[in-house]
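Trainee: Attaching a predicted model along with its sequence, questions to come.
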Amino acid sequence: MIESPVQMFPPGMLFALVGNPNCGKTALFNRLTGSRQKVANYSGVTVERKEGRFGAANGRFARVLDLPGTYSLYPRSQDERITCDVLSGFARGEKRPDVVICVIDATNLRRSLRLFFSVQRKGLPCVIALNMMDEAKARGIGIDARKLSELLGVPVVCTVAVKSGGDRELRELIEALLHNKQALELPKDISNDAIPAEQDHKRVQRILTQLGIDHLVPDVRSARIDAIVMHPVIGPLLLVTILFLIFQAMFEWASIPMDMIEEAAGWVGETVEAWLPDGWIKSLIIDGIIAGAGGVLVFLPQILILFFFILVLEESGYLPRAAYLLDRIMGSVGLSGRSFIPLLSSFACAIPGITAARTISNPRDRIVTILLAPLMTCSARLPVYTLLISAFIPSHTLDYGLSLQGLVMFGLYMAGILSAMTVAWVLKVTTRTGRQVRPLLMELPTYRIPSPLSVCIGLWQRAKIFLRRVGGVIMTMTIGLWALLSFPSPPVGATGADIEYSLAGILGRWLSVLLEPIGFNWQISIALIPGLAAREVAVSSLGTVYALSGSEDAAAEALIPLITQQWSTATGMAMLAWYIFAPQCLPTFAAMKRETNGWKVPVIAITYMLILAYLAAWIAYRVTPMMLPTHLM
Ligand SMILES: Nc1nc2c(ncn2[C@@H]2O[C@H](COP(=O)(O)OP(=O)(O)OP(=O)(O)O)[C@@H](O)[C@H]2O)c(=O)[nH]1
Ligand SMILES: [Mg+2]
């Protein structure tokens, strides 16, 4: 008997958005399906297949796929392979699309048409969405959509994916196709895949001539901006200034909203304290939830400020330029400029950074990038850094209005970057393939002014992610820790604090034997364990540990003054150094395993990060006292 798997697909016609990178597929997908997938102004934003649902006016619906951008149907990287697999019908659990919507950047018809021909040759019914019509018009490129449709023999609609209603024509076309499935005919001459590129090129040239747009229209505005941004001297200076200003702003702008949240949390704590009768419920709410999870909320303003800058930079088109500027330096340690954007995404969170490494076609470069991603300072480290900086670094304003705390934060980010470069360099000199030089070929997109609305939506999404983390993993871990710290109760006649007899108290003492050489007391040692789930949990855990070990009225007290009093500066610095390197985030290593299909890469990463963290913390703990005047020790 021959067995063959039976594949079941969800009902509904399947439309797939296919096109070159950065032509606006995801922006269109979001409009058509009401989704909120990430849109940004560089190539390689989408690296996964995403599905959405298009609801037509008459109650029918269709499934729509957003796919990674590709230049050809000969995939060179993993993200391109996903698109090619879907078009060939090899994607697991998915049928071949019924209709391909070829999204074409109207300002670059030449390149987009070649991909369109290849898709058509796969025997798939196609329609064309001429996107970015607004930019084409602004640059004086007029395209006669009707004539293009006649020349190609497929429906052509014009779209402006970033404008409300800019997808109207495409919606109408999809509705018409849903109504009449037979409406699309396959081209007669789909025959073989092996038509030489030369022939396609001639065909494209002919079409452009017939449309009267065969002359190149340069992007004058972008070229003018690039004269400054890509200048060999001004360019790098500008890059450092931008990064520097971001960290200054994170401290300067965030202080007022942070104080407000802190005050509100203090008020809630006091109110609950006054109203609830003593007992374990009161302790859970005050010591577990308010002092723990609530303590992390304070960092929302800083995280939003950081993301404000990331969103603006992403949409402006600056990022690939920064990749070029850094390509030489990155090349000197054996990294390619291609790694820049995945590594930059890791400043938000290492997990999307690790996934974004799919765009890197060279397997070695990809693995190295994945190994380095967790060294970039993710936003989950912010609460830990801010807590320690606020506790140990005076909030002086230096000359030129610079904030000392902002400067230290900048230094910590730099430490992450420099250590990643050092690790990359070590990998370069110790691996055989490390010494090859691979030139960076990357498209420089048109500069765009970010739309305030999309920045606001992006910030709102970020705020939701953060609040969900606070209410989810952070709250759960903190409550779990609270339970471990509260039970079992001390034996009758015990003399020490209750917490010393709890399970976590005992565990913390064991661990502190290991961590004592780097200056960590038992409170820190305990906080590190739940902190494995997410880095910010260390802050909420410290909140809970101190709330439970303190006197009654210390409960609603803020954590910052508490640790200033109780820790030596050397311990504070050791913990900062620890957090630059420590592999304190299990989901990151799960992502590494998923992306590399094995445990080897995550195990290497955990090992080297742990060693670096311990060493760095040890050095910081020993060196700090030598640097400090005696009265501050
Ligand atoms: N002016 C203008 N900008 C657009 C239009 N469509 C998309 N954009 C912008 O173009 C950039 C790329 O959009 P995306 O939707 O991320 O492009 P994509 O094709 O999904 O890109 P990849 O996922 O990298 O392949 C973003 O900056 C969008 O805001 C349009 O019709 N007009
Ligand atoms: Mg996309």
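Mentor: Right, received. Where do you want to start? Ligands and ions are numbered 1, 2, ... in the order given.
Trainee: Name the SS class of whichever residue of the stretch 401-550 of the chain sits closest to ligand 2, please.
Mentor: As assessed by CB to the ion, ligand 2 sits closest to residue 445 within the stretch 401-550 of the chain, at 12.6 Å. All C-beta spots, glycine's among them, are computed from the backbone N, C-alpha and C. Following DSSP: H, G, I helix; E, B strand; the rest coil, residue 445 is assigned to coil.
Trainee: cool, the one 4 residues further on as well?
Mentor: Residue 449 carries the three-state label coil when classified by three-state DSSP.
Trainee: and it, what pLDDT?
Mentor: In this model, residue 449 is scored at 93, pLDDT.
Trainee: what about the strands in the protein?
Mentor: Assigned by DSSP state E, the chain shows strands spanning 13-19, 50-55, 61-66, 99-105, 126-131, 156-158.
Trainee: and the last one, how far from the chain's centre?
Mentor: When C-alpha coordinates are averaged (CA atoms, centre = their mean, to the nearest Å), strand 156-158 and its chain have centres 33 Å apart.
Trainee: List the contacts of that strand.
Mentor: Strand 156-158 is contacted by residues 106, 127-130, 133, 145-146, 148-149, 169-170, 172-173 when judged by CB atoms under 8 Å, 6 or more residues apart in numbering.
Trainee: partners of that strand in the sheet?
Mentor: Paired strands of strand 156-158, with direction, are strand 126-131 (parallel) (DSSP bridges).
Trainee: so who does the residue of the stretch 401-550 of the chain closest to ligand 2 touch?
Mentor: With CB under 8 Å, 6+ apart, residue 445 has these contacts: 22, 41-43, 317, 320.
Trainee: Can you give me the neighbour number for residue 558?
Mentor: 17 (other CB atoms under 10 Å).
Trainee: so how far is residue 51 from the closest residue in space to it that isn't next to it in sequence?
Mentor: Spatially, and ignoring its direct neighbours in sequence, residue 558 is nearest to residue 262 (6.0 Å; CB to CB, 6 or more residues apart in numbering). Separation of residue 262 from residue 51 (CB to CB, to the nearest Å): 42 Å.
Trainee: Check residue 170 too.
Mentor: For residue 170 relative to residue 51 (CB to CB), the value is 17 Å.
Trainee: quick one, which of those two is more surrounded?
Mentor: residue 170 (27 against 15).
Trainee: pretty sure that one is touching residue 131, no?
Mentor: No. Using CB atoms under 8 Å, residue 170 makes no contact with residue 131, being 9.1 Å away.
Trainee: Identify the contacts common to the two.
Mentor: Residues within reach of residue 170 and of residue 131 at once, by CB under 8 Å, 6+ apart, are 28, 159.
Trainee: Which among the strands of the chain is found nearest to residue 201?
Mentor: strand 99-105 (16.5 Å; CB to CB).
Trainee: what residues does stretch 44-61 touch?
Mentor: So stretch 44-61 is contacted by 12, 15, 21-22, 25-26, 29, 32-35, 37-39, 62-69, 78-79, 82, 86, 91, 94, 171, 174-175, 178-179, 341, 355-356, 358-359 (CB under 8 Å, 6+ apart).
Trainee: Give me the residue ranges of this protein where confidence is low.
Mentor: Residues of the chain meeting the criterion pLDDT under 70: 1-8, 181-183, 185-195, 434-438, 494, 496, 550-557, 628-633.
Trainee: Show me it divided up by domain.
Mentor: With domains defined by the TED database, the chain comprises 14-217, 233-379+413-434+451-473, 491-627.
Trainee: would you list the ones you listed in a markdown table and tack on distance to residue 484?
Mentor: Formatted as a markdown table, those follow (distance: least, CB to CB, whole Å):
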| stretch | distance to residue 484 |
| --- | --- |
| domain 14-217 | 38 |
| domain 233-379+413-434+451-473 | 11 |
| domain 491-627 | 4 |
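Trainee: right, so of those, which gets closest to residue 396?
Mentor: domain 233-379+413-434+451-473 (11.5 Å).
Trainee: Now look at that closest one and say if it contacts ligand 2.
Mentor: No. Applying CB under 5 Å from the ion, one finds domain 233-379+413-434+451-473 out of contact with ligand 2, separated by at least 11.4 Å.
Trainee: ends of that domain, how far apart?
Mentor: Distance across domain 233-379+413-434+451-473, first residue to last, is 45 Å (CA to CA, to the nearest Å).
Trainee: How far does that domain sit from its chain's centre?
Mentor: Using CA atoms, centre = their mean, the offset of domain 233-379+413-434+451-473 from its chain centre is 8 Å.
Trainee: That one close to ligand 1?
Mentor: Yes. Applying CB under 6 Å from any ligand atom, one finds domain 233-379+413-434+451-473 touching ligand 1 at residue 315.
Trainee: do you know how far the closest residue to ligand 1 within the stretch 501-633 of the chain is from ligand 2?
Mentor: Residue nearest to ligand 1 within the stretch 501-633 of the chain: residue 595 (17.9 Å; CB to the nearest ligand atom). To ligand 2, residue 595 is 19 Å away according to CB to the ion, to the nearest Å.
Trainee: and the nearest residue to that residue once chain neighbours are set aside, how many neighbours?
Mentor: Among residues not flanking residue 595 along the chain, residue 354 sits closest, at 5.5 Å (CB to CB, 6+ apart). A count of nearby residues for residue 354, using other CB under 10 Å, gives 28.
Trainee: Let me see the contact set for residue 354.
Mentor: 342, 346, 370, 373, 588, 591-592, 595.
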